[in-house]
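1. one predicted model, sequence on top.
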Amino acid sequence: MGWALWTFETLLAAGAAWALSAALLRERSTLERWMAALLFFAASLVTCVQGLGLIGQLTRLHLALAGLVLHGAMLAWAVRRAGVARLRSQLRADLGAPWRLLKDIHQRRELAAWALLPAVWGLLVSGLIAWCFPSWAWDVVWYHTPKTNYAVQTGSVLWVETSIWYVNGYPEAVELLSVWNVLLPRDTRLEDVSQLPFALLGAFAVAALCRRACASAALAASLGAMWVALPAVALQLHTTHADVAAGALFITAFYFLTERPWSPAARALTLLALGLYAGTKVTGLFHLALLSPVLLVRLLLALKGEPAMRRRRLGQTALAVVLLVWLGAPTYVENLARTGNPLWPARMRVLGRELAGPIAVEKLGTPAFFREEGAFSKMVSNWFAPEGLYWPDVRERAFGWLFPYLLLPALLWVGLCGVFRERFLRLSLLLLAGLAVLVPAAWWGRFTLGLPAAGLVALAVLHRQLRTPYLQTLLAAAAAFLSVASYAKASVGYQVLPTLGRPEVAGVSDDDRLRARMNWLWPGEAVRLREQELKPGDVVAYDSSTSFLGEYWTWDLRNRVEYVSHQGDSAAYLRKLRALRPRWVSVRRDSPAERLLLGQSGAFQRLFACPASDAVMYRVTRSDW
C-alpha cells in the first residue's frame, strides 16, 4: 500500500509539473520545458512538505491529500490552458526527444557522446546504492538523515531539541524531498535519491547553455553528461549532501537570468530556481545577495520595455518573488526569530554587529572572496592534485582530469577572446565561473560545481571556433576520454560497492560488510537488536555525546528519538527520562548520567558502545525505576 501510494503521488507530481511546463512554455525548446518541469516538480513537493510541516500537520494522510490537491490543480490548470490534444501531442514529441538525440549522435558520429555512458551509469548505480544500503555517508548520518527523520517523527519542520546544531540551522530543501520519499511509503529505502532529479537538471542546464553557444544537440547533450560524470557530482548522487542540487539550481538560475531578451517566463524561472537554491544551501542566499543588483536592473529594464503589459508583468513578477521567499526564506526566518542570527549556527560579525552562534564561521571553512591567505592557491592545487581521496564529498581532484587539463584552458581562452567578440556570451561564462568560486571553502570542489559547467560551455564555444572538422573531432575525443577516464578513476569512491554481492562468509550480509567498512556506523548486531526490540512509539533517548544520530531510528521510523541532557541536576534528568518512558537510553561514557543509570538497581543494561563517539547505549529492563 505504501509503495503504491508513493508511486501514484510521485507520478502525479511529475505529470503535473511537465503539463504545467508544457502549457506555460509552449514555444520554448524541449530542454527548457524539461528544466522548468524539474523546477516545478521540486517546488511542488517542497511546498507540500513544508506547508504541512510549518503548521505541525505533516502526516502521511495529510501529505497524500495535499499532493493530490496541489498536483491535481496544476494538472487541471494546464489542461484548461493548453487543451488535452495539444498536451498529448507535446508529450509524444518530448518523449521522442531521446531517440532524436541518439539519431543526431549517430549521424554526426559525435565522439563526445561516449560521456553519456558514465553519466547514465552514475545515475543507475546511485539509485541501486540508495535502494540496497542504508544512509551511510558521514555528514548524512550525522545531520542530513536526522533532519528528515525528525520531520517524519514530529510532523513538523520547525526546530527540535537536539545537541546537533546543523539539524536546526541549515536549509533543508533536499531533506524535505526525502520526507516525501520516506513518509508516503513509510520506508527509508528511497531516502537518498532526492538528488537524482537535480543531476538531470544540472545536465539539462549545461546542455542549454551549450545550445545557446550554438553547439549541436549531440555535443550539447554530451557536455551536459560530462557534468554528471564529474567525480564531485557522480559520487554524491546517492546521498543527501545537497551540493549537486545546489550546483544544478545555481547553473539553472544563471541560464535563465542571462537570457536575452529576458522574457517573463525566464524571469519567473530565475526567481524559482534561486528560491529553491536558497532553501537548499546557504550559498544560495550568498549568490542571491550578489545577483540581486543584476536582478533588479534587468527587471526594471524589462518592465520599461513593455509599457503596455507593465501591470500584468508586475503581477507575474510579484508572484515569482512570493515563490522565491516561500521556498528560500523559512529556515533563515526561523533562525532569526529564535537566535537573532539568520545564518545560525555560524557566529560572525556583519556590519559591525556580532551575530551569535555556537560555531565561529572560520571553523566552517575558508571565508568567501578568498579572504584567507593561501585560499586561492589551495583551490587551484586541489584541482591539480596528483591523487584524490574519493568519497561522496571528494576534496582533491573533484573534477577529475577533465577540468584542469581541458576545461580550464578552454575557459581562459574563450574568456580572453570575449574582449574582441561575442562579449556577452563569453564574459558571462567568466561571471559564472567567478561567482561559483567566491563561496566559502572554494577549495572543496563540491561547493563550486558551477565552475566546471562554465568550462564545459567554453569547450562548446571553442569547438565551434575551431571550424575544422578534424580539430573538432580531436577536441571532442579528448574531452570524452578525459571524462570517462576521470569517472573510471573516481569509481573507487563508490565505497559501498565492494560490499555488495555474494558473501565470502556464510551469514554475513551486505549490510554487515558495509558496517564493518564504515566504522562510524553501528555494528550489524546493534542494528539487528534495534530492529527486533524497538516497537512503534518506543523512545530512544540520547545526550550530547551522540554524533551519528541517523542510526537511532529503525528502517521504517516507527520509534521516536528524544534529546535528554544531564546538566548537573540528577533529579531533573531522571524526571525527564521517566516522563518519556524510554526503551533505550544513550549516555556519555563515564559521565554523571551513566553513573546515575547504573545506580538504578539494575534497571539499565548496557548493550553496546556507539562507534566514533563517547556514547554508550543502555536498555531499560523494567518500568519501576
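-> That came through, no problem.
2. backbone dihedrals for residue 619, please?
-> Residue 619 adopts backbone torsions of phi -100, psi 140, taken as degrees, to the nearest 10.
3. does residue 372 really touch residue 361, like I thought?
-> No - with contacts counted by CB atoms under 8 Å, residue 372 stays clear of residue 361, the gap being 11.3 Å. (Each C-beta comes from the backbone N, C-alpha and C, glycine too.)
4. those two - which one has more neighbours?
-> Between residue 372 and residue 361, counted using other CB atoms under 10 Å, residue 361 has the larger neighbour count: 18 against 15.
5. list the contacts of that one.
-> By CB atoms under 8 Å, 6 or more residues apart in numbering, the contact list for residue 361 reads 346, 347, 348, 367, 440.
6. at 10 Å instead, please
-> By CB atoms under 10 Å, 6 or more residues apart in numbering, the contact list for residue 361 reads 343, 345, 346, 347, 348, 349, 350, 355, 367, 368, 440.
7. can you list residues touching both of residue 372 and residue 361?
-> Common neighbours of residue 372 and residue 361, using CB under 10 Å, 6+ apart, are residue 440.
8. ok so, going back, lowest-confidence one in the contacts of residue 361?
-> Within the contacts of residue 361, pLDDT reaches its minimum at residue 350, with 79.
9. wait, doesn't that one sit right on residue 356?
-> No - using CB atoms under 10 Å as the test, residue 350 is too far from residue 356 to be in contact (11.5 Å).
10. overlap in contacts, those two.
-> Both residue 350 and residue 356 are in contact with residue 341, where contact means CB under 10 Å, 6+ apart.
11. need the helices for the stretch 1-150 of the chain, in chain order.
-> Assigned by DSSP state H, counting those that start in this stretch, the helices in the stretch 1-150 of the chain fall at 2-24, 30-54, 60-82, 84-95, 97-108, 116-132, 138-139, 145-154.
12. return the list of helices and strands in contact with the first one.
-> Packing partners of helix 2-24 (3 or more CB pairs under 10 Å, 6 or more residues apart in numbering; DSSP states H and E): helix 30-54, helix 60-82, helix 84-95, helix 173-183, helix 264-280.
13. compare those and give me the one nearest residue 116.
-> Closest of those to residue 116 is helix 30-54, at 15.4 Å (criterion: CB to CB).
14. what's the angle from the closest one to helix 84-95?
-> With axes from the mean of the first three to the mean of the last three CA atoms, to 10 degrees applied, the angle from helix 30-54 to helix 84-95 works out at 110 degrees.
15. just want the angle from helix 30-54 to helix 145-154.
-> Put simply, helix 30-54 runs at 50 degrees to helix 145-154, going by the same axes, to 10 degrees.
16. give me the mean pLDDT for helix 30-54.
-> Helix 30-54 shows a mean pLDDT of 98.
17. that one: which residues count as buried?
-> For helix 30-54, the neighbour count (16 or more other CB atoms under 10 Å) marks 30-53 as buried.
18. all helices for the stretch 401-550 of the chain, in order.
-> 402, 408-417, 423-437, 450-466, 469-490, 510-517, 524-533.
19. which of these is buried the deepest?
-> helix 402 (a mean of 29; mean count of other CB atoms under 10 Å).
20. and the contacts of that one?
-> Identification of contacts with helix 402 by CB under 10 Å, 6+ apart yields 115, 226-227, 229-231, 408, 452, 455-456, 459, 478-487.
21. could you do stretch 10-19 as well?
-> Contacts of stretch 10-19 (CB under 10 Å, 6+ apart): 33-34, 36-45, 48, 67-68, 70-79, 81-82, 87, 90-91, 94, 180-181, 184-185, 190, 197.
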